[in-house]
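Participant: Here is a sequence together with a model predicted from it:
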Amino acid sequence: MANRIPVPFASEKVRRLNQNKPCHGEPCLLCDAEIKNPAAAVHVHMTTSLELVPADEELTEEQGSQGCFPVGPECAKKVPRRFWLKW
Ligand SMILES: [Zn+2]
């Protein structure tokens, strides 16, 4: 989809960690570091092919959604705001 962008992972290692994420853990999606201030984190919607889905786009698991993941406040600066989910 043209609207989607690849997840801007901090490193190839973190990308590999997230290729088949077994569960939605608490570390930052982009750098795998602990998020020290969860209230300041943003959440993003990622596909199984490791792309970010714009916040206003619907995507089911059957269509390739891998779910929503937290991104720490520093890493969130690498993610355009249209991908930030509002809670
Ligand atoms: Zn991070």
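Facilitator: Happy to help now that I have it.

Participant: Can you mark which positions in the helix or strand bottoming out on mean pLDDT in the chain are buried?
Facilitator: In the chain, the helix or strand scored least confidently by mean pLDDT, DSSP states H and E is helix 12-17, which has a mean of 90. Neighbour-count burial for helix 12-17, counted by 16 or more other C-beta atoms under 10 Å, picks out V14. From N, CA and C alone the C-beta is placed, and that goes for glycine too.

Participant: Near the ion, which residues of the chain are found?
Facilitator: Residues of the chain found near the ion (C-beta under 5 Å from the ion) are 28, 30-31, 72, 75.

Participant: Go through those and flag which are in helices.
Facilitator: Of the residues of the chain next to the ion, none are assigned to helices by DSSP state H.

Participant: who wins for neighbours among those?
Facilitator: Compared across the residues of the chain next to the ion, L30 has the highest neighbour count, 24 neighbours, by other C-beta atoms under 10 Å.

Participant: residue contacts, that residue?
Facilitator: 7-10, 14, 71-72, 75, 78-79 (C-beta atoms under 8 Å, 6 or more residues apart in numbering).

Participant: Give me the spatial nearest neighbour of P73, chain neighbours excluded.
Facilitator: A40 (4.1 Å; C-beta to C-beta, 6 or more residues apart in numbering).

Participant: give me the number of residues near the one you found?
Facilitator: Burial measure for A40: 11 neighbouring residues, criterion other C-beta under 10 Å.
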